[in-house]
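Asker: Dropping a prediction and its sequence here:
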Amino acid sequence: MRLADLLRLLLLAAIWGASFLFMRIIAPVLGSMPTAFFRASLGTLGLLAILLVLRVRWDFRGKFRQCLLLGVINAGLPSAMYSLAALVLPAGYSAILNATTPMMGVLIGMLFFAEALTLSKAAGVALGLFGVAVLTRTGPVQFDQQLLLGAAACLVATTCYGFAGFLTRRWIGQQGGLDNRLTAFSSLCGASLFLLLPFGGALLLQPPLSWGGAEVWLSLAGLGLICTAFAYVLYFRLLTDIGPIKASTTTFLIPPFGVLWGALLLDEPLSWAYLYGGVLIAVALWLVVRPAPVVRPAPETANPA
């Protein structure tokens, strides 16, 4: 891997790790649904501006509706769930739980898409769930119903990501596929439309006591424009340059950045549970995403005449 690619990979992990910090700042002030809606809508506008600058050819190949629905699963629901979790969980918790995405993908593939469950993947799923238990039971946040609900919200989000991976392959990857940048943009459109109703309902039933100050709105700009719009472009550039397997290693790097930003900027307490739970989940992630060994056929031996 070139140095430039490695630096982009680290930058992407730092940006996505910061998204949990921003949600932790915004959600307690504006509420979970406004946070999720503003993230998706600002991301849509930011990505639209980027695509116009790049002069992308607007050809959805008849898949715009599928992309909108995919956006509900891949962006709308996860944004809502992580914003709910941000009301009660430190940024580091959410960042570490986010790393369970590949494990959820393994379970979803086995249960709904007839994917084979290898011994390595099964061990990874079991170890990852154990890591989640270690984090929630021994971390700095008191183990109570709120903690369980916040962790459950994060796991619902990673389950959505697991479904989205298979649905993207089925709906978007067929018949020549679609430009990844157009998929990202239309998905964010779908997420924004989906979140519009919960956003309106939240404003009617429980409007924010305050719309916050400069810190909240700068965090919103960072969440929508940098952690969503710019991060998508950066990620797809990495997909092109180093391929999906190496690009997926950013999942290993997001949790340390999430914990770091929370500790440095929000004074969130550090705990050995971050290390124990994080290492268990990282090992589990490696078991899930490592390439399967290639079985080479034994060389044929010539029969003696």
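Answerer: Arrived safely.

Asker: Run through who's touching the helix or strand where Pro256 lies.
Answerer: Using DSSP states H and E, Pro256 sits in helix 250-266. Helix 250-266 is contacted by residues 9-10, 12-14, 16-18, 20-21, 24-25, 90-92, 94-96, 98-99, 101-102, 235, 238, 268-270, 274, 278, 281-282, 285-286, 289 when judged by Cβ atoms under 8 Å, 6 or more residues apart in numbering. For every residue, glycine as well, the C-beta is placed using N, CA and C.

Asker: which of the residues you listed count as buried?
Answerer: Neighbour counting with 16 or more other Cβ atoms under 10 Å marks 9, 12-14, 16-18, 20-21, 24-25, 90-92, 94-96, 98-99, 101-102, 235, 238, 268, 274, 278, 281-282, 285, 289 as buried within these.

Asker: and the next helix-or-strand element following the helix holding Pro256 with helix 250-266, angle?
Answerer: Downstream of helix 250-266, the first helix or strand assigned by DSSP H and E is helix 272-289. Calculated by axes from the mean of the first three to the mean of the last three Cα atoms, to 10 degrees, helix 272-289 forms an angle of 160 degrees with helix 250-266.

Asker: Return the distance of helix 272-289 from the chain's centre.
Answerer: Distance of helix 272-289 from its chain centroid, counting by Cα atoms, centre = their mean, to the nearest Å, is 16 Å.

Asker: same for that helix, what does it pack against?
Answerer: Under the contact definition 3 or more Cβ pairs under 8 Å, 6 or more residues apart in numbering; DSSP states H and E, helix 272-289 sits against helix 91-98, helix 101-112, helix 119-138, helix 250-266.

Asker: CA atoms only for the helix or strand following the longest one - export them in CSV, please.
Answerer: What that stands for is helix 119-138. For helix 119-138, the succeeding helix or strand toward the C-terminus, using DSSP H and E, is helix 145-167. Listed next in CSV are the C-alpha coordinates belonging to helix 145-167 (Å, rounded to 0.1, in the frame of the first residue of the first chain):
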residue,chain,number,x,y,z
GLN,A,145,-31.4,-0.2,31.2
GLN,A,146,-30.2,3.0,29.5
LEU,A,147,-26.9,1.5,28.7
LEU,A,148,-28.5,-1.7,27.3
LEU,A,149,-30.9,0.4,25.1
GLY,A,150,-28.0,2.5,23.8
ALA,A,151,-26.0,-0.6,23.0
ALA,A,152,-29.0,-2.2,21.4
ALA,A,153,-29.5,0.9,19.2
CYS,A,154,-25.9,0.6,17.9
LEU,A,155,-26.4,-3.1,17.1
VAL,A,156,-29.6,-2.3,15.2
ALA,A,157,-27.6,0.1,13.2
THR,A,158,-24.9,-2.4,12.4
THR,A,159,-27.6,-5.0,11.5
CYS,A,160,-28.9,-2.5,9.0
TYR,A,161,-25.4,-2.2,7.5
GLY,A,162,-25.2,-5.9,7.3
PHE,A,163,-28.5,-6.1,5.3
ALA,A,164,-27.4,-3.1,3.1
GLY,A,165,-24.2,-4.9,2.0
PHE,A,166,-26.2,-7.8,0.5
LEU,A,167,-29.0,-5.6,-0.9
